[in-house]
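Asker: Below: sequence and its predicted model.
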Amino acid sequence: MDLDGTLIKTDLLLESLLLLLKKNPLYVFVLPIWLMAGRAKFKAKIAARVSVSYELLPLNSEFLNFLRSEKTNGRHLVLISASNENMVAALAHSLDLFDKVVGSDDHTNLKADAKLQRINEMNANAPFAYAGNASADLPIWQQAQEIIRVNCSNSLGQDLAADKPRQDFDMPGSRWPWLWQAMRPHQWLKNGLLFIPLVLAHQLDDMHALQHAAIGFLCFCLLASSVYLLNDLLDLEADRRHANKRSRPLAAGALTIQHGAATAVVLFTAALLLAHLQPLAFVEALGTYWLLTLCYSFLLKRVFLLDLFSLAALYTLRLIAGAGAVSVTASPWLLAFSMALFFGLGAVKRVTELVNKNEIETERIDSEQEASFTLPGRAYTSKHRELLILMGTTASAIAVLVFLLYIYAEETMALYSSPLILWPIVGLLGLILFRVWRFAVTGKMHEDPVLFAISDHPSQIATALIFLVLWLAI
């Protein structure tokens, strides 16, 4: 049987390539040189530089159960793959299932005809069954006495000899629902921040400005989904270690790396094309947002506290972009409020992860003592929880204070006939943040405080009242 896509739902070469680029993005300039020496040497050089957590790779469970049953019945099982031999051997060792394991060495890339030749050499041209999933397996199926299709399209191999025994395992359904889930459209609600400068500038009746704000919103939705896919590709191992994130389409293998990468490129290109319709200030903010997300994906997310400042800056850049889209100046009060508010919510997210992780670890070790652990892919341990609570609640309080001071600012007096009517927002905002923190500390929250505030009914009511007060003030 084949390995990539057949035994496992993913591709070892692509997995190791992503690990290499995450380790050092500058390898992107070396890869073409390695490839010129041939695919076999290319795979060997990558395999020598990365360490894959084979026990975390998603398996095609139905096919694996079939193999274990056949093994019990005395059937001879051979794993033969175009992936590098050292990686194939390491994965096979973790399963303890195969009688023989063969992979590509420095000179031979065991794919298609080359793999068929090796099978015949090992098997002395005796009858064999073969399990595969790709078009490269067609020449092997043509000679095999039994065709086993795993995790592949229904059309693949249909024109092969009909008289041969066939079995199908883990046949996939439509990829579109998984792709839509990986794009995280529910996160697009956050891009509603682009409309805030339009509202605060009292330009809701300006259709031209509203159109630019809407285009900006769409640009950020497309770019954000592209970034989410990139993050998921770079965080495959960390996500598989995570209690909730392991079910994400890319981490679980429901969506292939190829589909995820291609979609990220298409979404990014679409966002750039739309951005050409926008003012230069918006394009600059969008470009800064994208560059910061790249830095966050490759480095900043793993730096203590700097990840929280980066998250706050990414939210604030949405406000700056929204102001640029409608050609207004973002108020320093708004930017200060945003940085404090979203730094606090970023801390909520980390505290929530630590609290939830602590519950899992404590149950696992079956101890009344608090477990000691580190968040996968992050710079935080269980010892940082109290510090994050202190810094996060302080930032949340500062956000409320900044809004309070904004009510009495000169520019507010010029914008609103009765700025004191904004006072109820202070209490409502404090109520939302208090509720978010209470749920985070007590372990009653999932890991996105912004989405919690959007989906929580009391927070929904408070948010609606905030906009009502704002409308009355305008």
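Answerer: Noted; the coordinates are in hand. Keep in mind it's a predicted model, so treat the numbers as computed, not measured. Residues are numbered from 1 along each chain as shown.
Asker: okay, now residue 128: neighbour count?
Answerer: Per other CB atoms under 10 Å, the neighbour tally for residue 128 reads 16. Every C-beta, even on glycine, is put in place using the N, C-alpha and C of the backbone.
Asker: what ranges do the strands span in the stretch 301-450 of the chain?
Answerer: Using DSSP state E, counting those that start in this stretch, the stretch 301-450 of the chain contains no strands.
Asker: where are the low-confidence patches of it?
Answerer: 359-372, 447 (pLDDT under 70).
Asker: Quickly find the element holding the nearest residue to residue 89 once chain neighbours are set aside.
Answerer: Excluding the flanking residues, the one nearest residue 89 by CB to CB, 6 or more residues apart in numbering is residue 101, at 5.3 Å. In the assignment (DSSP states H and E), residue 101 maps to strand 100-104.
Asker: Return the list of helices and strands in contact with that strand.
Answerer: Where contact means 3 or more CB pairs under 8 Å, 6 or more residues apart in numbering; DSSP states H and E, strand 100-104 is packed against helix 39-47, strand 78-84, helix 85-95, helix 113-123.
Asker: orientation of the helix or strand following the first one relative to helix 85-95 in degrees?
Answerer: Next in sequence after helix 39-47, counting helices and strands by DSSP H and E, comes helix 61-72. For helix 61-72 against helix 85-95, the angle by axes from the mean of the first three to the mean of the last three CA atoms, to 10 degrees is 80 degrees.
Asker: mind giving me the domain ranges of this structure?
Answerer: Taking automatic domain parsing as the reference, the chain has its domains at 12-169, 175-315, 331-366+379-474.
Asker: Distance to residue 5 added to those domains, as CSV?
Answerer: Formatted as CSV, the domains of the chain follow (distance: least, CB to CB, whole Å):
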stretch, distance to residue 5
domain 12-169, 4
domain 175-315, 8
domain 331-366+379-474, 31
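Asker: which of these has the lowest average pLDDT?
Answerer: Confidence, taken as mean pLDDT, is least for domain 331-366+379-474 of those (a mean of 86).
Asker: give me phi/psi at residue 164?
Answerer: Backbone torsions of residue 164, given as degrees, to the nearest 10, read phi -80, psi 140.
Asker: Can you give me every residue that contacts it?
Answerer: Applying CB atoms under 8 Å, 6 or more residues apart in numbering to residue 164 gives the contacts 144-147.
Asker: Swap in 6 Å and give it another go.
Answerer: The contact partners of residue 164, by CB atoms under 6 Å, 6 or more residues apart in numbering, come to residue 147.
Asker: One more: residue 283?
Answerer: The contact partners of residue 283, by CB under 6 Å, 6+ apart, come to residue 275.
Asker: residues in contact with stretch 443-462?
Answerer: In contact with stretch 443-462 (CB under 6 Å, 6+ apart) are residues 189-190, 345, 348-349, 352-353, 355, 359, 428, 431-432, 436, 439.
Asker: circling back: got the angle between the strand holding residue 101 and strand 78-84?
Answerer: Computed by the same axes, to 10 degrees, the angle between strand 100-104 and strand 78-84 is 20 degrees.
Asker: which neighbours does strand 100-104 have in its sheet, and in what orientation?
Answerer: With DSSP bridges as the test, strand 100-104 is paired with strand 78-84 (parallel).
Asker: List the buried residues in the strand it pairs with.
Answerer: 79-84 (16 or more other CB atoms under 10 Å).
Asker: for those residues, which one is nearest residue 27?
Answerer: Set against residue 27, the nearest of the buried residues of strand 78-84 by CB to CB is residue 84 (16.3 Å).
Asker: ok, now how distant is the closest one from residue 134?
Answerer: Separation of residue 84 from residue 134 (CB to CB, to the nearest Å): 18 Å.
Asker: ok, now residue 108?
Answerer: 18 Å.
Asker: what does residue 12 give?
Answerer: Noted for residue 12: a distance of 14 Å to residue 134, by CB to CB.
Asker: When these two are compared, which one has more neighbours?
Answerer: With neighbours defined as other CB under 10 Å, residue 12 and residue 134 compare such that residue 12 has more, 26 against 18.
Asker: Phi and psi next, for that one.
Answerer: Residue 12 has phi and psi values of phi -60, psi -40 when expressed as degrees, to the nearest 10.
Asker: Might one say that it is in contact with residue 87?
Answerer: Yes: contact criterion CB atoms under 6 Å: residue 12 and residue 87 qualify, at 5.4 Å.
Asker: so what sits against both of these two?
Answerer: In contact with both residue 12 and residue 87: no residue, using CB under 6 Å, 6+ apart.
Asker: need the longest helix for this structure.
Answerer: helix 332-365 (DSSP state H).
Asker: contacting residues for the residue nearest the centre of the chain?
Answerer: Residue closest to the average C-alpha location in the chain (CA atoms, centre = their mean): residue 232, at 2.6 Å. Shown in contact with residue 232 (CB under 6 Å, 6+ apart): 248, 250.
Asker: at 10 Å instead, please
Answerer: 182, 184, 239, 245, 248-251, 255, 257, 260, 264, 297 (CB atoms under 10 Å, 6 or more residues apart in numbering).
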